[in-house]
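> Quick one, structure for this:
(one chain, ligands or ions: 1)
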Amino acid sequence: MINIAIFASGTGSNAQNIFNQFKAEPKAHIALIVSNKDDAGVLEFAEQHEIPYAILGKDEMDDEETVMATLEYHKIDFIVLAGYLLLVPQYLIKAFPSRIVNIHPALLPAHGGKGMYGMKVHEAVKAAGDDETGITMHYVNEHFDEGETIAQMRCDIAPNDTADDIRRKVQALEHEHYPQVIKDLVKKLSK
Ligand code: GAR
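Numbering: from 1, shown residues only. Take a look at the predicted model:
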């Protein structure tokens with residue numbers, strides 16, 4: 001069994017979707033949710049569904065021993081970022097080589113980097129007048145949004161689409177594709 005931890009800072013619509021899509025997976029399961037915010041919507045979901053969760057703020061994330069002990073306790077093999085705001089610390093990247101993935105709600109390298117999160121990304125896409133956007137799933141390295149790309153999916157933007165219309169289109173792509181990309185990666189691990 002491959003145990004997955006999902007790191008999320010907000011509502012967690014992706015975390016929820018991934019959890020639901022992994023219910024029927026025989027060889028992988030969502031073993032832990034980690035959030036840096038104690039009021040994140042994703043924690044309510046974790047409680048409702050009795051998924052173990054940990055609240056690890058910025059200072060706690062810097063404490064290697066505590067974080068590694070938490071992940072070891074839940075026997076975590078793979079980490080999925082789903083709307084996670086903090087930079088992943090170096091020790092975690094070393095401990096999980098090619099085993100931490102992120103989703104970014106744009107076509108990297110466009111509209112990525114520090115501070116480019118959620119709605120801010122869609123507003124930047126709108127302001128740039130782009131006629132397409134999409135999602136990028138990538139391995140996580142020590143820089144925001146810079147690890148090796150795993151997959152990208154695209155969608156068109158109509159001239160009168162608002163930033164919120166763009167968010168909706170991108171979210172639909174995320175929900176359609178992220179769970180499958182994770183399943184494919186996890187399958188390779190269990191071989
Ligand atoms: C998602 O769109 C995700 O791609 C984005 O935050 C949103 C979280 O939504 N991540 C980033 O912007 C990372 N730079 P959710 O909480 O509903 O899953």
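
> Alongside the ligand, which residues does the chain contribute?
8, 10-15, 82-83, 103-105, 116-118, 121, 174 (CB under 6 Å from any ligand atom). Any C-beta I mention is one placed from the backbone N, CA and C, and that applies to glycine too.

> What subset of those is buried?
8, 10, 12-15, 82-83, 103-105, 116-117, 121, 174 (16 or more other CB atoms under 10 Å).

> what ranges do the helices span in this protein?
Assigned by DSSP state H, the helices in the chain fall at 13-22, 41-48, 58-61, 64-73, 90-95, 119-128, 163-189.

> And the longest one, what's buried?
I take that to be helix 163-189. Under 16+ other CB under 10 Å, the buried positions of helix 163-189 are 163, 166-167, 169-171, 173-175, 177-179, 181-182, 185-186.

> dump the residue contacts of the closest residue to the ligand within the chain.
Per CB to the nearest ligand atom, Gly83 is where the chain lies closest to the ligand, at 2.6 Å. Contact analysis of Gly83 by CB atoms under 8 Å, 6 or more residues apart in numbering lists Ala8, Ser9, Gly10, Thr11, Gly12, Ser13, Asn14, Ala15, Tyr117, Gly118.

> returning to that earlier point: relative to Val34, which of the helices of the chain is closest?
Nearest of the helices of the chain to Val34, taken as CB to CB: helix 64-73 at 7.8 Å.

> For that closest one, name the packing helices and strands.
strand 28-35, helix 58-61, helix 90-95 (3 or more CB pairs under 8 Å, 6 or more residues apart in numbering; DSSP states H and E).

> what would these look like in CSV with mean pLDDT and mean neighbour count?
As requested, the helices and strands packed on helix 64-73 are exported to CSV (pLDDT from 0 to 100; neighbours: other CB atoms under 10 Å):
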stretch, mean pLDDT, mean neighbour count
strand 28-35, 97, 22
helix 58-61, 96, 13
helix 90-95, 97, 15
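
> could you dump the ones you listed to JSON lines with distance to Gly147?
Below are the helices and strands packed on helix 64-73 laid out as JSON lines (distance: least, CB to CB, whole Å):
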{"stretch": "strand 28-35", "distance to Gly147": "19"}
{"stretch": "helix 58-61", "distance to Gly147": "18"}
{"stretch": "helix 90-95", "distance to Gly147": "9"}
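
> Could you say which one of those comes nearest to His74?
Nearest to His74, of the helices and strands packed on helix 64-73 and by CB to CB, is strand 28-35 at 4.4 Å.

> That closest one relative to helix 41-48, how many degrees between them?
130 degrees (axes from the mean of the first three to the mean of the last three CA atoms, to 10 degrees).

> Each with direction, which strands does strand 28-35 pair with?
strand 2-7 (parallel), strand 53-55 (parallel) (DSSP bridges).
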